[in-house]
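Trainee: No letters, just coordinates:
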């Protein structure tokens, strides 16, 4: 699909298979999600711009590369998005973190906001929206819309799994937002869950079902 990167790294695919397995424990699911988040973060940050600065090594002075511009913002969609954040912060520990509280109405499947907190200068920072599942896409669309209202202009979306319906919905509303995912699954079921998927990521992450 256009504007979508499927991260096909063998370690990503191996860990994803373990996470899909319904016999994987809450502890195991949580650890695997943190590990796979680091790998996904590596891919989504692959083309960040660099600049040079002068440093001194133990032997000499040199011009070395560092990230250009202000630090990244990770924007997890609560609650399941928090499961990816620690793994991403392991790779980019200086990143800022915005929080977007959204839940999916079980009847209409529309997104309902209950919390939002973000750095005041989003317009000056790359923002990576994080959620394990891109299913109907309604929550992702609402999160990106909210961040844009707050000034964000350079946005990317990272998820563990995506459904074709969710990708189409997100790109219909926000064609400028690229998506990185470990897999694009077959479809949604009648309840808006990804098939074959891995169940409810939040419940499996926190052991609430």
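Mentor: That came through fine. This structure is a prediction, so every number in the text was calculated from the model and none was measured. Numbering: from 1, shown residues only.

Trainee: which parts of stretch 124-133 are buried?
Mentor: 125-133 (16 or more other Cβ atoms under 10 Å). Using the backbone N, CA and C atoms, a C-beta is placed for each residue, glycine as well.

Trainee: right, I mislabeled it, should have said stretch 144-157
Mentor: Going by neighbour count (16+ other Cβ under 10 Å), the buried part of stretch 144-157 is 144, 146-148, 150, 152, 154-157.

Trainee: Of those, just say which sits nearest to residue 110.
Mentor: Using Cβ to Cβ, residue 146 is the member of these that lies nearest residue 110, at 14.0 Å.

Trainee: Start and end of stretch 101-109, how far apart?
Mentor: Across its full length, stretch 101-109 reaches 15 Å between end residues, using Cα to Cα, to the nearest Å.

Trainee: circling back to that earlier point, need the buried residues of stretch 144-157 in JSON lines (columns: secondary structure and pLDDT).
Mentor: Below are the buried residues of stretch 144-157 laid out as JSON lines (DSSP: H, G, I helix; E, B strand; the rest coil; pLDDT from 0 to 100):
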{"residue": "144", "secondary structure": "helix", "pLDDT": "96"}
{"residue": "146", "secondary structure": "helix", "pLDDT": "94"}
{"residue": "147", "secondary structure": "helix", "pLDDT": "96"}
{"residue": "148", "secondary structure": "helix", "pLDDT": "96"}
{"residue": "150", "secondary structure": "coil", "pLDDT": "92"}
{"residue": "152", "secondary structure": "coil", "pLDDT": "94"}
{"residue": "154", "secondary structure": "coil", "pLDDT": "93"}
{"residue": "155", "secondary structure": "strand", "pLDDT": "96"}
{"residue": "156", "secondary structure": "strand", "pLDDT": "97"}
{"residue": "157", "secondary structure": "strand", "pLDDT": "97"}
